[in-house]
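In: quick one, fold the following:
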Amino acid sequence: MTTEPEPHPAGRSPRVRSLTPPGRRATVIGAGSFGTALALLLARGGLRTTLQTRTAEQATLIEAERENRRYLPGVQLPSQLRIEPASAGVARADYVFLAVPSRGLAEVIDRLGASGLGKRTAVVSAAKGLVPPDGMPPTSVLSARFGADRVACLGGPAHAQEMVHAGAALVAACAEEELARSLAQVFTRAGVVCELSNDPVGVELAGAAKNAAALAAGATEAQGLNAAGAAAGHIFAEVWRYAEGLGARPESMIGLAGAGDLVATALARESRNRRAGELLAAGVPATEIPAQIGQAVEALESVPLLASALEAAGVGAPVTSALGRLISGELPLDDWVALVRATVPPPALWRRRPKPGFWRRAWRRLSRG
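Out: Model (predicted):
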């Protein structure tokens with residue numbers, strides 16, 4: 001189920017104001033483009049926010065310039081936003097946001113306990129990928145470690161530059177309603193639309209499908225728009241069949257976290273995943289693409305994990321699997337496009353119509369009884 005928090009009438013106190021009382025602290029681990037934009041929004045939303053960088057040198061540079069020129073150039077950071085290296089720990093945080101690539105999540109999660117994570121501190125994943133080596137959704141890993149009631153994730157179309165200037169459409173997903181509402185309240189105060197969801201796994205798999213579909217569309221667009229659309233559609237359908245088996249719901253795939261995020265990513269010329277697909281199509285090896293783009297590309301690492309997870313679950317996923325082979329260099333581009341064009345999804349299951357007179361005979365049997 002998904003809902004949007006209702007706007008509060010002027011002059012009245014928000015019904016759930018107690019969920020985020022004054023003085024609450026948030027720590028964002030990861031100072032990439034999205035992590036920096038996220039920290040800025042949290043500060044605008046009234047949380048005492050700290051942005052943690054990977055190294056002390058990066059923290060010193062951002063603090064001196066009050067701008068993250070490498071990842072979010074042109075955006076002035078507010079004076080109340082604290083900058084420090086991740087080694088400073090999270091002992092005083094009420095919310096910890098993990099804005100690191102999914103390949104690094106396991107290491108960050110392992111360090112949280114030693115970093116002073118409180119027993120009641122909420123942990124929120126902002127990754128749109130899967131955790132290696134098993135390709136698990138981040139909230140599944142976090143819930144097993146810390147308990148599902150204090151674990152949440154963010155999804156939805158949220159291009160970092162646009163998010164800080166014109167807003168975004170986020171999804172806050174958690175098994176615990178109070179935590180989801182408290183997150184939505186902070187983003188609403190920051191001027192961002194935030195949908196509530198109680199389907200974190202569905203939201204995360206929608207994000208992973210979005211990244212894979214955007215990369216596939218980028219790799220295929222030059223070969224034809226119909227092929228690009230077919231590639232994206234096949235991947236979404238294959239991931240949905242897997243997500244459904246994990247208890248996810250369809251609205252997570254067709255709403256903001258899935259279709260909405262896909263449109264934003266596919267339309268953005270600067271999208272890392274779309275650009276990675278274009279570079280793959282141009283013959284650039286996957287190992288060289290992050291350096292050319294200047295940032296990590298989630299789909300390059302999450303697609304092989306996704307393909308393996310679908311195979312292990314017994315879900316037929318020829319297009320997702322082929323995309324993994326395209327990334328690894330095992331499948332030539334022409335063969336990839338040919339497979340996309342030729343793949344036919346599983347047929348619908350029609351119910352057999354009853355034979356003529358079935359209902360009349362059934363009524364007679366009931367009447368005799």
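In: show me where the stretch 151-300 of the chain has helices.
Out: Remark: helices assigned in the stretch 151-300 of the chain by DSSP state H, counting those that start in this stretch are 160-166, 177-189, 200-220, 225-245, 250-254, 261-267, 272-281, 289-293, 298-312.
In: doesn't residue 48 make contact with residue 93?
Out: No - using Cβ atoms under 8 Å, residue 93 is not in contact with residue 48, being 9.3 Å away. In this view, the C-beta of every residue, glycine as well, is placed from N, C-alpha and C.
In: so those two - more neighbours on which side?
Out: residue 93 (26 against 18; other Cβ atoms under 10 Å).
In: could you find the closest non-adjacent residue to the more buried one?
Out: Residue nearest to residue 93 in three dimensions, not counting chain neighbours: residue 27, with 4.1 Å by Cβ to Cβ, 6 or more residues apart in numbering.
In: OK, contacts around the one you found?
Out: 49, 50, 52, 90, 93, 95, 96, 97 (Cβ atoms under 8 Å, 6 or more residues apart in numbering).
In: mind listing what the first one touches?
Out: Residues in contact with residue 49 (Cβ under 8 Å, 6+ apart) are 25, 26, 27, 28, 39, 42, 43, 80, 81, 82.
In: one more pass at 6 Å, please.
Out: 26, 39, 42, 43, 81 (Cβ atoms under 6 Å, 6 or more residues apart in numbering).
In: that older thread, just the ones in strands from the contacts of residue 27, please.
Out: When these are checked against strands (DSSP state E), the matches are 49, 50, 52, 95, 96, 97.
In: neighbours of the fourth one, just the number please.
Out: Counted with other Cβ under 10 Å, residues neighbouring residue 95 total 24.
In: now it: how far from residue 195?
Out: To residue 195, residue 95 is 18 Å away according to Cβ to Cβ, to the nearest Å.
In: may I have the phi/psi pair for residue 347?
Out: phi -70, psi 160 (degrees, to the nearest 10).
In: hmm, back to that, got the phi/psi numbers for the residue nearest to residue 93?
Out: For residue 27, the backbone dihedrals (degrees, to the nearest 10) come out as phi -120, psi 130.
In: roughly how far apart are it and residue 310?
Out: 34 Å.
In: so who does residue 262 touch?
Out: 210, 213.
In: try it again with 8 Å
Out: 209, 210, 213, 214, 232, 236.
In: do the same with residue 24
Out: 46, 47, 48, 94, 95.
In: ditto for residue 225
Out: Taking Cβ under 8 Å, 6+ apart, one finds nothing in contact with residue 225.
In: try 10 Å this time
Out: By Cβ atoms under 10 Å, 6 or more residues apart in numbering, residue 225 lies in contact with residue 217.
In: with residue 103 instead?
Out: 127, 129, 130, 131, 132, 296, 298, 300, 301, 302, 305.
In: farthest-apart pair in the residues you listed, please.
Out: Based on Cβ to Cβ, the longest span within the contacts of residue 103 runs between 131 and 300 and measures 15.2 Å.
In: the more surrounded of those two?
Out: residue 300 (27 against 24).
In: how far away is the more buried one from residue 101?
Out: 10 Å.
In: need the overlap of contacts for the two.
Out: What both residue 300 and residue 101 touch, as defined by Cβ under 10 Å, 6+ apart, is the set 129, 290.
In: to what extent is the nearest residue to residue 72 once chain neighbours are set aside buried, counted in neighbours?
Out: Distances taken as Cβ to Cβ, 6+ apart put residue 36 closest to residue 72, at 4.5 Å, once the chain neighbours are dropped. Per other Cβ under 10 Å, the neighbour tally for residue 36 reads 27.
In: correct me, but residue 36 touches residue 76?
Out: No - here residue 36 lies out of contact with residue 76, judged by Cβ atoms under 10 Å, at a distance of 11.4 Å.
In: find the residues that touch each one of those two.
Out: Common neighbours of residue 36 and residue 76 (Cβ under 10 Å, 6+ apart) are 67, 164.
In: over to the residue nearest the centre of the chain. Which of the three states is it?
Out: For the chain, residue 128 is the residue whose C-alpha lies nearest the centre (Cα atoms, centre = their mean; 3.2 Å). Of the three states, residue 128 takes coil according to DSSP: H, G, I helix; E, B strand; the rest coil.
In: then residue 124?
Out: Under three-state DSSP, residue 124 falls in the strand class.
In: what helix or strand is residue 83 on?
Out: In this structure, residue 83 sits in strand 82-85 according to DSSP states H and E.
In: got the contact list for that strand?
Out: Here strand 82-85 makes contact (Cβ under 10 Å, 6+ apart) with 25, 27, 31, 36, 39, 43, 48-64, 66, 68, 77, 88.
In: give me the low-pLDDT residue ranges for this protein?
Out: Under the criterion pLDDT under 70, the flagged ranges of the chain are 1-22, 353-354, 358-359, 369.
In: run the last query once more with 90
Out: Scanning the chain for pLDDT under 90 picks out 1-23, 113, 250-251, 253-254, 265-271, 294-296, 345-369.
In: count of neighbours near residue 152?
Out: Neighbours of residue 152 (other Cβ under 10 Å): 28.
In: the nearest residue to it once chain neighbours are set aside: how many residues sit nearby?
Out: Setting aside the residues directly before and after it, residue 152 is nearest to residue 174 in space (Cβ to Cβ, 6+ apart), at 3.7 Å. As a burial measure, residue 174 scores 28 neighbours (other Cβ under 10 Å).
In: contact partners for the residue lying closest to residue 325 once chain neighbours are set aside?
Out: Among residues not flanking residue 325 along the chain, residue 331 sits closest, at 3.8 Å (Cβ to Cβ, 6+ apart). Counting by Cβ under 10 Å, 6+ apart, residue 331 touches 321, 322, 323, 324, 325, 339.
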